[in-house]
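S.K.: Predicted model follows, preceded by the sequence.
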Protein chains: 2
Amino acid sequence: MPRILLTVSYDGTAYSGWQRQINGESIQACLEDALSRATGETIRVTGASRTDAGVHALGQKCHFDTLSRIPADKFPFVLQPLLPPDIRVTQGMAVADGFHARFLSCRKKYTYRFLNCRFPDAMHRLYHLHVPRKLQDTEMTRALADLLGTHDFAAFQAAGGTAKSTVRTIYRADLTRDGDCLTLFLEGNAFLYNMVRIIAGTLVEIGEGRRSPEAFREALETGSRLALGPTAPPHGLELTDVLYPPDAYLHPEFHRWHEEAEESLK
Amino acid sequence: MPRILLTVSYDGTAYSGWQRQINGESIQACLEDALSRATGETIRVTGASRTDAGVHALGQKCHFDTLSRIPADKFPFVLQPLLPPDIRVTQGMAVADGFHARFLSCRKKYTYRFLNCRFPDAMHRLYHLHVPRKLQDTEMTRALADLLGTHDFAAFQAAGGTAKSTVRTIYRADLTRDGDCLTLFLEGNAFLYNMVRIIAGTLVEIGEGRRSPEAFREALETGSRLALGPTAPPHGLELTDVLYPPDAYLHPEFHRWHEEAEESLK
């Protein structure tokens, strides 16, 4: 059965997380309902990442199988009226049968946003963590450098993580400031459960001067969760992108689609 | 009676606009209710700008009179639990009796945001106008230059405007792009009714190549509303700041407050 890969964006504020569950509305359930209505089949989707309650996404990915004749690239159009406005499908493409949104992902990008001012305004409340104390960007940036490369991140996971190995590679870890807004950007081959939010929570303490900029290095060396700060709240976090290797798992259509998408914006 | 000036930020999505009215919830009414509860008096506020339904604000200003002993700079704290999360007071300061939030404002800053990509994501839906066709920034920037300076903006107002003179001075009009996001920034001594949204709507047509980059100049010369594009929707618009001359109307406390605010963030 043909397999389709979707890119999904959502505002996680109103949801109990990605994964379908008995209590609370999930992104997955909304998406499956919309896809089932669009195709007339019973659709089940497999997401790249099970984002927690309140976490947002700009580029979550998921795949599903369908016999529908809807062309893959038309799913954003078709699903628009069937989804609530806080869930949007922004891309659709045909992939090979063996493609898997979760197991084949080779890189993930996350963004965590802070609003650093005394009194928070109303317009940043949904996607930024308000931090009233002045954050020292330079200390934070110095600390982030210790995360780069391949390390055992055993200290950087919350209870409930199921990863067999805790070795991960971080390719990018940086912080930018634009006025009162600070943006943490992380890119790695994969992340442990709550890893980005633990990094964000620790970073706040480092920026406030309440924790040493050596904290990340210490945690990597000792493997101790105690070397790190609290898990930051979910609303500052966004799953920004999920990448796959451009190899045999992808349908030949992928390359054509990619070119067309770029062409359409010229 | 002592007069206090507040800076107010709001997400206008859920409101019928700034001004108190019979149908629909207004920002003004929410603020007056919260202030009345905080002070035990019946408070009426006077806003700098009557923003329309759906328009946001980062730095709306309003003044009110009170005999309350709450120090002016404590109002952001005091009002926080009394206001819904989409309305935040970010500053409070004592001003002279003769101060007036609306009549004394000497500059206003507005921001209008566009999301320029084929399929909109969920995270920009509240504060950005989605424009699917590729916008030509250079044409738009060229057009904006014609707005700078003092002109008769008679063509740039919607029916319902009550201004006696339509002469305004624009100090800044520029556009920046960050990936798919375009931000229009306008600063002027004052703006006519719907002026910013008419500029934004015209700018989209210029960027799409459907209207000449000479449109603004033509409208200034002819005074004809027909030379301009449609009024852009409210949700892309933010009242960013309102400025006052630092003269006698301001309470001496103003200067001390200003220094303290800067000090507190060091």
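M.R.: Yep, that arrived.

S.K.: Would you double-check that residue A:218 falls in a helix?
M.R.: Yes. With DSSP: H, G, I helix; E, B strand; the rest coil as the criterion, residue A:218 is assigned to a helix.

S.K.: which residue packs closest to the residue positioned nearest the centre of chain A, ignoring adjacent ones?
M.R.: Nearest residue to the geometric centre of chain A (C-alpha atoms, centre = their mean): residue A:239, 1.7 Å. Distances taken as C-beta to C-beta, 6 or more residues apart in numbering or on different chains put residue A:57 closest to residue A:239, at 4.2 Å, once the chain neighbours are dropped. (Each C-beta comes from the backbone N, C-alpha and C, glycine too.)

S.K.: Mind listing the strands the helix or strand the one you found falls within pairs with, and their directions?
M.R.: Per DSSP states H and E: residue A:57 is located in strand A:56-65. Paired strands of strand A:56-65, with direction, are strand A:3-10 (antiparallel), strand A:46-47 (antiparallel), strand A:237-243 (parallel) (DSSP bridges).

S.K.: residue contacts, residue A:147?
M.R.: By C-beta atoms under 8 Å, 6 or more residues apart in numbering or on different chains, residue A:147 lies in contact with A:170, A:173, A:186, A:199, A:216.

S.K.: quick one, strands of chain A?
M.R.: A:3-10, A:46-47, A:56-65, A:87-95, A:107-115, A:129-130, A:149-152, A:167-178, A:181-188, A:237-243 (DSSP state E).

S.K.: Contact residues of the stretch 101-250 of chain A facing chain B?
M.R.: Residues of the stretch 101-250 of chain A found near chain B (C-beta under 8 Å from any C-beta of the partner chain) are A:117, A:118, A:119, A:120, A:121, A:122, A:123, A:125, A:126, A:127, A:134, A:238.

S.K.: Tell me the most packed of the residues you listed, by neighbour count.
M.R.: residue A:238 (26 neighbours; other C-beta atoms under 10 Å in any protein chain shown).

S.K.: what residue ranges in the stretch 101-250 of chain A score low on pLDDT?
M.R.: A:161, A:247-250 (pLDDT under 70).

S.K.: contacts for stretch A:198-211?
M.R.: A:112, A:114, A:129, A:131, A:133, A:135-137, A:139-140, A:143-144, A:147, A:156-158, A:173, A:175, A:184, A:186, A:212-213, A:215-216, A:219, A:228-232, A:236-237.

S.K.: Buried members of the residues you listed into ChimeraX, please.
M.R.: Here is the ChimeraX command that selects the buried residues among the contacts of stretch A:198-211 (16 or more other C-beta atoms under 10 Å in any protein chain shown):
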select /A:112,114,129,131,135,139,140,143,144,147,156,157,173,175,184,186,213,215,216,219,228,229,231,232,236,237
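
S.K.: Excluding chain neighbours, what is closest to residue A:90?
M.R.: Per C-beta to C-beta, 6+ apart, closest to residue A:90 is residue B:119, 4.3 Å.

S.K.: before we move on, what about residue A:4?
M.R.: residue A:72 (5.0 Å).

S.K.: Please report how far residue A:96 lies from residue A:75.
M.R.: According to C-beta to C-beta, to the nearest Å, residue A:96 and residue A:75 sit 17 Å apart.

S.K.: of these two, who's got more company?
M.R.: Using other C-beta under 10 Å, the more surrounded residue of residue A:96 and residue A:75 is residue A:75, with 27 against 16.

S.K.: The more buried one contacts residue A:5, correct?
M.R.: No. At 9.8 Å, residue A:75 does not count as touching residue A:5 under the criterion of C-beta atoms under 8 Å.

S.K.: Overlap of the contact sets of the two?
M.R.: By C-beta under 8 Å, 6+ apart, the residues touching both residue A:75 and residue A:5 are residue A:92.

S.K.: about what we covered before: taking strand A:107-115 as reference, get the angle to the strand holding residue A:57.
M.R.: Angle between the axes of strand A:56-65 and strand A:107-115 is 150 degrees (criterion: axes from the mean of the first three to the mean of the last three C-alpha atoms, to 10 degrees).

S.K.: in strand A:56-65, what counts as buried?
M.R.: For strand A:56-65, by 16+ other C-beta under 10 Å, it's A:56, A:57, A:58, A:59, A:60, A:61, A:62, A:63, A:64.

S.K.: Quick one: those as TSV, columns for distance to residue B:204 and pLDDT too.
M.R.: Output for the buried residues of strand A:56-65, formatted as TSV (distance: C-beta to C-beta, whole Å; pLDDT from 0 to 100):
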residue	distance to residue B:204	pLDDT
A:56	27	98
A:57	27	98
A:58	23	97
A:59	26	97
A:60	29	98
A:61	31	97
A:62	33	98
A:63	35	97
A:64	35	97
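
S.K.: quick one, phi/psi of the closest residue to chain B within the stretch 51-200 of chain A?
M.R.: Nearest residue of the stretch 51-200 of chain A to chain B: residue A:121, at 3.5 Å (C-beta to the nearest C-beta). In terms of degrees, to the nearest 10, the main-chain angles of residue A:121 are phi -90, psi 180.

S.K.: Now it: closest residue in space that isn't a chain neighbour?
M.R.: Nearest residue to residue A:121, sequence neighbours excluded (C-beta to C-beta, 6+ apart): residue B:9, at 3.5 Å.
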